[in-house]
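Asker: What shape does this take:
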Amino acid sequence: MQLIGNKDNGFPKVITGMRRCGKSYLLKEIYIEYLISQGIDKNHILVIELDDDRNVLYRNPIALGKYVREFCNDSSMYYVFIDEIQLVFNILNPSLTKGEIIPAKTNDTEIVSFVDVILGLSREKNIDLYVTGSNSKMLSSDIITEFRDKAVNITIAPLSFDEFYKYRGISEIEAIYEYMQYGGMPLAVLKAEDEKKEYLKNLFETTYFRDIIERNHLRKSESLDELCNILSESTGQLLNSEKLANTYKSVKKEGIDKHTVEKYIDYFKDSFLIREARRFDLKGRQEIGALRKYYFEDTGLRNARLNFVYPDEGQMLENIVFNELQYNGYSVCVGEFDSIEKDVNGKSVRKTNEVDFYAVKGNRRMYIQVTADMTDAKTKEREIRPYILLNDQIQKIIVVNKPIKEMLDDKGFMIVGITEFLLRFIK
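Answerer: Down below sits the predicted model:
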């Protein structure tokens, strides 16, 4: 709907998201089919796949811009789709090199980049431009500044649970367990169970890791690989670079410094493999500390790192809830606050309390605790304790892996089943 709504609006449409999540299919199959159904001439549609070896010449920004303009050679409207735009390399401004094409170095300032190509082509009155990319640095703060009010940014993710459930046509209970295990990568959803596992495992080696290594000029992937495993095992845990470096050392019996850890985490984020959840002081109303939680963009990919050993349901449910809240337009962070309490000796001590998520969308605000089961008394006490201490007017919700609709417990807190929460409650 975003594509249709922004058609012919005079701005380039920049579509980002992880590789194999369906960006190209959305554009080249579904959207182009829509254009043709609306009477657009096929000869006025140009698709350039920059990850195809036949198009490597167009990774040169000057050559790319020239080719597109030559194709769109009359005053009629043309629809141009450029896939994997981040593969366009930066060159030195040809006016400074006597027209010679020279790749730019990192610190060069007088450069021509894919940004120049996008903005230049978008000024052509007969071109409606769509570009895709698999690297979130496309939308780094510097590039967003250059695109400000000049482009429409659309992010594509794997299938949401709602989309997955509607496609599969199975019961809600069956759907949530399948989704927890294998996620929503479009091609994985289409495969048989054994094929799903191999496909998701291979994605890391043949696509994501290869891209990260090549893009960032890494010599080997062993440290990257192990750090990814550690993040998989630690889904939903509060982490920082020092803690991850120490965990790596205990696993591998060799050192890795925290700066390398920070760099590798940035690589994962840039490839849309993981998302970061920051902490928010629920009483002080401000962001706090260096500790973060990391969630995978797709639970199937996370489980592939662990060889599909039966996952911790709580971790997977938490990962899914985090993703789905963001899919549905909520701003999400990890909630924390301190309380002063008496210890067994009657001494006042400071304790830190955590709420899984604090979610905000417009005027709607929610605290959310996620748990696989609430039948155990200790589990229930642990989940509701922060809510009792907060004692404010924000809606307090406990999401459980049970097929139940909304209900209130004896303290007045909302309890809702996971599928009810994902399919209806947060809409």
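Asker: Quick one: end-to-end distance for stretch 326-333.
Answerer: One end of stretch 326-333 to the other measures 10 Å (C-alpha to C-alpha, to the nearest Å).
Asker: So what touches it?
Answerer: By C-beta atoms under 8 Å, 6 or more residues apart in numbering, the residues outside stretch 326-333 that reach it are 157, 160, 275, 277-280, 287, 322, 325, 357-361, 426-427. Yep, even glycine has a C-beta here, placed from its N, CA and C like the rest.
Asker: and those, which of them are in strands?
Answerer: Among these, DSSP state E puts R275, A277, R278, R279, F280, E287, F357, Y358, A359, V360, K361 in strands.
Asker: Tell me the buried residues within the contacts of stretch 326-333.
Answerer: 157, 160, 275, 277, 279-280, 322, 325, 357-360, 426 (16 or more other C-beta atoms under 10 Å).
Asker: of all those, which two lie farthest apart?
Answerer: Greatest spacing in the buried ones among the contacts of stretch 326-333, by C-beta to C-beta: S160 and R279 (25.3 Å).
Asker: circling back to that earlier point, can I get the ones in strands among the contacts of stretch 326-333 in TSV with distance to N43 and pLDDT?
Answerer: Below are these laid out as TSV (distance: C-beta to C-beta, whole Å; pLDDT from 0 to 100):
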residue	distance to N43	pLDDT
R275	41	95
A277	47	97
R278	49	96
R279	54	96
F280	53	96
E287	52	91
F357	50	98
Y358	52	98
A359	47	98
V360	48	98
K361	44	98
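Asker: of all those residues, which comes closest to M374?
Answerer: Nearest to M374 among the ones in strands among the contacts of stretch 326-333, counting by C-beta to C-beta, is F357 at 16.9 Å.
Asker: quick one: the closest one and E336 touch, right?
Answerer: No. Contact criterion C-beta atoms under 8 Å: F357 and E336 do not qualify, at 11.3 Å.
Asker: For F425, which residues are in contact?
Answerer: Going by C-beta under 8 Å, 6+ apart, F425 touches I397, E406, V416.
Asker: per-residue pLDDT, it?
Answerer: On the pLDDT scale, F425 is placed at 97.
Asker: What distance do you get for it to Q393?
Answerer: F425 is 19 Å from Q393, where distance means C-beta to C-beta, to the nearest Å.
Asker: How about I101?
Answerer: Taking C-beta to C-beta, one finds I101 at 62 Å from Q393.
Asker: Please identify which of these two sits among more neighbours.
Answerer: Neighbour count, other C-beta atoms under 10 Å: between I101 and Q393, I101 has more, with 14 against 7.
Asker: ok, and that one, which helix or strand is that part of?
Answerer: Assigned by DSSP states H and E, I101 falls within no helix or strand.
Asker: Looks like it contacts I62 (just checking).
Answerer: Yes. I101 is within contact range of I62, at 6.8 Å (criterion: C-beta under 8 Å).
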